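>>> After the sequence you'll find the predicted model.
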Amino acid sequence: PGGAPGAPGAVPDPPLSFPAEKHLVLLRDGRTLIGYLRSIDQFANLVLHQTVERIHVGKKYGDIPRGIFVVRGENVVLLGEIDLEKESDTPLQQVSIEEILEEQRVEQQAKQESEKLKVQALKERGLSVPRADTLDEY
């Protein structure tokens, strides 16, 4: 309707915009990111906008705002679009950042204690367990 591009009185095309599609990204280190996908390439490198890091502990979750997030493709385990109509239909309870971080700390502490008890029980039976920090070495 604006006439030929560059002609007097021509209306410029609106800037290209991305559809408002929210995506969930699961990273190799276990973190979960939720944001608007702005770019992806052949290596699965991602740029997310208005990103939050979602932390789950039991039936609670908390979102930490992260802003623009660039993710190297080799760290992406899963990428999926979130259905905005069903997003609020969750049995999980949203809590404050402080509360979810405290819950996460308590959960990690309990896991460490449990792991220590397992290692101790195996040692008492004469078995050895490789240290977790040496399992990823090639």
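On my side now, so go ahead.
>>> Can you list the strands that the lowest-mean-pLDDT helix or strand in the chain pairs with?
Every helix and strand of the chain was ranked by mean pLDDT, DSSP states H and E. The lowest is strand 93-94, at a mean of 86. Under the criterion DSSP bridges, strand 93-94 sits next to strand 60-71 (parallel) in its sheet.
>>> Counting neighbours, which bits of the partner strand end up buried?
Tyr61, Gly62, Asp63, Phe69, Val71 (16 or more other CB atoms under 10 Å). The C-beta positions use only the backbone N, C-alpha and C, and glycine is treated the same way.
>>> Now render those as TSV, adding pLDDT and distance to His49.
Shown next, in TSV, are the buried residues of strand 60-71 (pLDDT from 0 to 100; distance: CB to CB, whole Å):
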residue	pLDDT	distance to His49
Tyr61	92	21
Gly62	92	20
Asp63	93	15
Phe69	94	8
Val71	96	12
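>>> Tell me the one of those nearest Gln104?
Gly62 (8.5 Å; CB to CB).
>>> Any idea what that closest one is bridged to?
Under the criterion used (DSSP bridges), Gly62 bridges to Ile55.
>>> Kindly provide the distance from it to Arg54.
7 Å (CB to CB, to the nearest Å).
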